[in-house]
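Q: Got a predicted model here, sequence first, then my questions.
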Amino acid sequence: MTVVPGTPPVLGVIGGSGVYEIDGLVNRRWVRVDSPFGEPSDELLMGELDGQKLVFLPRHGRGHRIPPSEINFRANIDALKRAGVTEILSVSAVGSLRAHLPPGTFVVADQFIDRTFAREKSFFGTGMVAHVALGHPVCGRMGDAIRQSLEALAIPHQRGGTYLVMEGPQFSTVAESNLYRSWGCDVIGMTNMPEAKLAREAELCYATVAMVTDYDCWHPDHDHVTVDAIIKVLVENAAKARALVTDLAPRLRHRDACCRQGCHTALDNALITAPEKRDPALLAKLDAVAGRVLGPRG
Ligand SMILES: CSC[C@H]1O[C@H](OP(=O)(O)O)[C@H](O)[C@@H]1O
Ligand SMILES: Nc1ncnc2[nH]cnc12
């Protein structure tokens, strides 16, 4: 769907570890959405929250079936775009790389360092090359609204922070954890890249709420990170995340034009392949992601 001035926002929520459902949705239904990029993680849960259209996708699938490296991020973002989503809230569990960010803190991350290496990272490729800007990888307008919600709900938080994305599925070594700290990173997780890159290519606003579940292994009192310890905090964080979505949805309802930061027009100056050299098969797959600039049939 092309975002034109006056198009009402449709909020997409990608739920991470511990967030497999959304409370309070009316007219809720799970809908299968096919993508030319393969299988999304699950069906999409559609409904309305306080009058705001919302589409929810559990990143690992219901029951947490899919590990980080096997998530089909392209299919997920493409399916959300096909479902009409215009802005994405990504909710993620992370480890803390900073003493002042204890478990239970929510970080509205605004930068990423992408250390993943085994994932498809672009919708584009041979036959249709594109280079989108990523200096500011998240939507600042959404970040402002998220901060308002976190303040209203009295959830301890930090606005801004760098999220190191590792391949996983194993947690880091102490040497890696200390390296990432020396790079100035604040939190560590396994999923927000290439998700944020693909959202930008698909001209969707994207914002991350990174919920701290543990101090990563650099911390002298936390020699090992364990799933058991994480899950305990995760359950508490997940309840707060659902409250956050409920508070945030109406705050995002009013947008009378495309995103001021340019998220909805990211492809305007990104396409480089000469029209006569473009691959029709790839163009056909890009109908949803890049239909605004390529036309619905490329
Ligand atoms: C359950 S701990 C590790 C797991 O949790 C995070 O996932 P998500 O970002 O989807 O909440 C982390 O990236 C790992 O995939
Ligand atoms: N310490 C950690 N490292 C990577 N991903 C995580 N998700 C939650 N805690 C994490």
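A: Cool, the structure landed. Ligands and ions are numbered 1, 2, ... in the order given.

Q: Residue 23 - how many residues pack around it?
A: 10 (other C-beta atoms under 10 Å). In short, each C-beta sits where N, CA and C put it, glycine included.

Q: residues contacting the nearest residue to it once chain neighbours are set aside?
A: Closest residue to residue 23 apart from its sequence neighbours, by C-beta to C-beta, 6 or more residues apart in numbering: residue 242 at 5.0 Å. Taking C-beta atoms under 8 Å, 6 or more residues apart in numbering, we find residue 242 in contact with 19, 22, 23.

Q: was I right about the second one contacting residue 11?
A: No: with the criterion set as C-beta atoms under 8 Å, residue 22 and residue 11 do not qualify as a contacting pair; they are 10.2 Å apart.

Q: ranges for the strands of the stretch 101-250 of the chain?
A: For the stretch 101-250 of the chain, the strands defined by DSSP state E, counting those that start in this stretch occupy 106-108, 111-114, 157-159, 162-165, 187-189, 205-215.

Q: Parallel or antiparallel, which strands does the fourth one pair with?
A: Which is strand 162-165. Strand pairing for strand 162-165, determined by DSSP bridges: strand 111-114 (parallel), strand 187-189 (parallel).

Q: Is the last one positioned near ligand 1?
A: Yes: contact of strand 187-189 with ligand 1 is found when judged by C-beta under 6 Å from any ligand atom, involving residue 189.

Q: Around ligand 2, pick out the residues from the stretch 51-200 of the chain.
A: Counting by C-beta under 6 Å from any ligand atom, the stretch 51-200 of the chain sits next to ligand 2 at 93, 94, 95, 171, 188, 189, 190.

Q: Turn those into JSON lines, columns for pLDDT, distance to residue 211 and neighbour count.
A: Formatted as JSON lines, those follow (pLDDT from 0 to 100; distance: C-beta to C-beta, whole Å; neighbours: other C-beta atoms under 10 Å):
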{"residue": "93", "pLDDT": "96", "distance to residue 211": "6", "neighbour count": "24"}
{"residue": "94", "pLDDT": "97", "distance to residue 211": "7", "neighbour count": "33"}
{"residue": "95", "pLDDT": "97", "distance to residue 211": "11", "neighbour count": "28"}
{"residue": "171", "pLDDT": "96", "distance to residue 211": "16", "neighbour count": "19"}
{"residue": "188", "pLDDT": "98", "distance to residue 211": "13", "neighbour count": "30"}
{"residue": "189", "pLDDT": "98", "distance to residue 211": "10", "neighbour count": "25"}
{"residue": "190", "pLDDT": "98", "distance to residue 211": "14", "neighbour count": "25"}
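
Q: thinking again about what came up before, can you tell me which of the contacts of residue 242 lies closest to ligand 2?
A: Relative to ligand 2, the closest of the contacts of residue 242 is residue 19; by C-beta to the nearest ligand atom it sits at 12.8 Å.

Q: Tell me the spacing between that closest one and ligand 1.
A: 7 Å (C-beta to the nearest ligand atom, to the nearest Å).

Q: That residue contacts residue 241, correct?
A: Yes: distance between residue 19 and residue 241: 5.4 Å, which falls inside the contact criterion (C-beta under 8 Å).
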